[in-house]
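[1] sequence first, predicted model second:
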Amino acid sequence: MPHVRRDLASLGRHLQRSVLRTSLPPDVLRRCVASAGTADAVLVQAAADAAASAGAVADALNQSLDALHAESIRLWALETNCDALRTRWLLSAGLAEMPGAYWALLTHPLADRALRHLAFGDVEMLRHAKESETTLPMLLGRRSVAPRRLGAPAPTAQQLDLMVQAALSAPDHGRLGPWRIIEFKTASRDALSALFEAEKRRRDPLASAADLKKARGHATQPPCLLGFVVSPRQRKRVPEREQLLAAGAALGNLLNAAHALGFGAIMLSGDRCFDPAIAAAIGLDEGESLAGFISIGSVLETPPDVTRPLSQEMWSCWTPAAQHAQQTTQDSA
């Protein structure tokens with residue numbers, strides 16, 4: 001009985017995700033999953049979910065993989081035992097032909113579990129090494145993007161969940177989670193804009209029609225709008241200042257995650273964040289404070305360059321007092 005190649009649905013979930021990341025370019029994945037504009041990490045997960053279902057999308061992914069790597073499949077089909085497959089893999093690992101070799105090996109009818117595990121380990125090790133080289137430049141390139149420069153599409157619920165997960169991974173003494181996020185969905189924006197207008201009227205009874213329109217726009221313009229709430233807990237061993245730092249770290253992680261997923265974002269505060277009526281209307285509890293409103297969306301217009309301080313301006317080294325006095329005496333001698 002002839003051996004039959006495996007398909008994507010027959011592989012384990014970890015192998016499915018790995019081969020989709022490694023062996024199919026993002027543009028091909030988007031065509032198969034019909035998900036234009038989705039960030040790569042979310043796209044791979046959606047494709048893996050579809051692959052496991054063995055439906056039409058899984059068939060499209062299989063066909064795309066086979067078409068893209070037809071030559072690799074042909075060459076690997078010439079090998080007739082596991083030793084030959086292992087040798088060919090060791091010669092391919094890390095080279096330009098590795099994506100095709102990976103798919104050809106994982107689906108080869110003679111590839112056993114140990115060989116697939118070996119290939120998976122090699123691919124993931126190289127992927128993590130590559131990611132470590134790109135993460136820092138990504139962080140260095142992050143900057144705030146004004147709401148007027150943002151547009152559709154907004155993040156999906158799954159992408160927002162990833163951003164919140166990133167926020168939850170920030171340093172947090174005692175794991176108190178001294179913050180929370182309020183999402184203002186499209187259906188609630190008109191009500192929020194009325195709150196913003198009322199706050200503007202209270203603060204400035206002589207506000208012009210243009211000023212009131214601008215205040216309302218702060219609620220309706222962003223593609224995605226979140227409120228970032230600081231919620232300190234009563235804990236003797238974790239002073240409030242440490243909890244404020246933890247909330248700030250979570251906010252930074254959320255903004256970095258938005259940037260990593262391909263979106264622009266900014267947090268804006270202002271007088272409305274200190275308004276008791278707005279705080280009560282959006283459900284803040286006693287002791288909580290509204291740090292600001294986070295706008296997130298696709299970048300429609302690149303913001304102008306910014307000049308950041310030199311790192312040396314923010315970085316100093318401590319010198320013990322005795323050593324400092326000794327150095328001063330020597331300098332004056």
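    Nice, thanks for sending it over.
[2] grab the nearest non-local neighbour of D204.
    The shortest distance from D204 to any non-neighbouring residue, by CB to CB, 6 or more residues apart in numbering, is to D211 (7.0 Å). For every residue, glycine as well, the C-beta is placed using N, CA and C.
[3] residue ranges with poor pLDDT in the stretch 51-200 of the chain?
    Scanning the stretch 51-200 of the chain for pLDDT under 70 picks out 94, 128-135.
[4] before we move on, the earlier item: E199 is in contact with the residue nearest to D204, correct?
    No. In this structure, D211 is not within contact of E199 by CB atoms under 8 Å, at 11.8 Å.
[5] next SSE downstream of whichever strand or helix holds K200?
    Assigned by DSSP states H and E, K200 belongs to helix 189-203. Counting by DSSP H and E, the next helix or strand C-terminal to helix 189-203 is helix 209-220.
[6] okay, now R113: neighbour count?
    8 (other CB atoms under 10 Å).
[7] measure it to A119 for me?
    11 Å (CB to CB, to the nearest Å).
[8] ok, and what's touching whatever helix or strand A48 lives in?
    Counting by DSSP H and E, the element that carries A48 is helix 40-53. Residues from elsewhere that reach helix 40-53, judged by CB atoms under 8 Å, 6 or more residues apart in numbering: 8-9, 11, 13, 16-17, 20-21, 24, 26, 29-30, 32-33, 35, 38, 57-58, 61, 156, 158-159, 162, 261.
[9] right, and T107 touches V4 too?
    No. Applying CB under 8 Å, one finds T107 not in contact with V4, separated by 9.7 Å.
[10] ok, what's across the strand from F228?
    I181, G292 (DSSP bridges).
[11] now do the contacts for it.
    Going by CB under 8 Å, 6+ apart, F228 touches W179, I181, A247, L251, L254, M267, L290, A291, G292, F293, I294.
[12] isn't L8 up against S64?
    No. Using CB under 8 Å as the test, L8 is too far from S64 to be in contact (10.0 Å).
[13] these two: which is more packed in?
    Between L8 and S64, counted using other CB under 10 Å, L8 has the larger neighbour count: 26 against 18.
[14] next up, phi/psi of the more buried one, please.
    phi -60, psi -40 (degrees, to the nearest 10).
[15] so how far is L24 from the nearest residue in space to it that is not next to it in sequence?
    Spatial nearest neighbour of L8, excluding adjacent residues (CB to CB, 6+ apart): A51 at 4.6 Å. Here A51 is placed at a distance of 11 Å from L24 (CB to CB).
[16] more neighbours, D211 and E199?
    Per other CB under 10 Å, whichever of D211 and E199 has more neighbours is E199, with 21 against 14.
[17] quick one, what contacts that one?
    A215, D271, R272, D275, A277, I278.
[18] any of those residues buried? List them.
    A215, R272, D275, I278 (16 or more other CB atoms under 10 Å).
[19] out of these, which is nearest to Q312?
    R272 (37.2 Å; CB to CB).
[20] what's near enough to touch that closest one?
    The contact partners of R272, by CB under 8 Å, 6+ apart, come to F196, E199, K200, H218, I278.
[21] could you find the closest non-adjacent residue to D122?
    With CB to CB, 6+ apart, the residue lying closest to D122 is A93, at 4.9 Å.
[22] wait, the one you found sits on E124?
    No. A93 is beyond contact range of E124, at 11.8 Å (criterion: CB under 8 Å).
[23] read off the pLDDT value for the residue nearest the centre of the chain.
    Centroid-nearest residue in the chain: A257, 3.3 Å away (criterion: CA atoms, centre = their mean). On the pLDDT scale, A257 is placed at 92.
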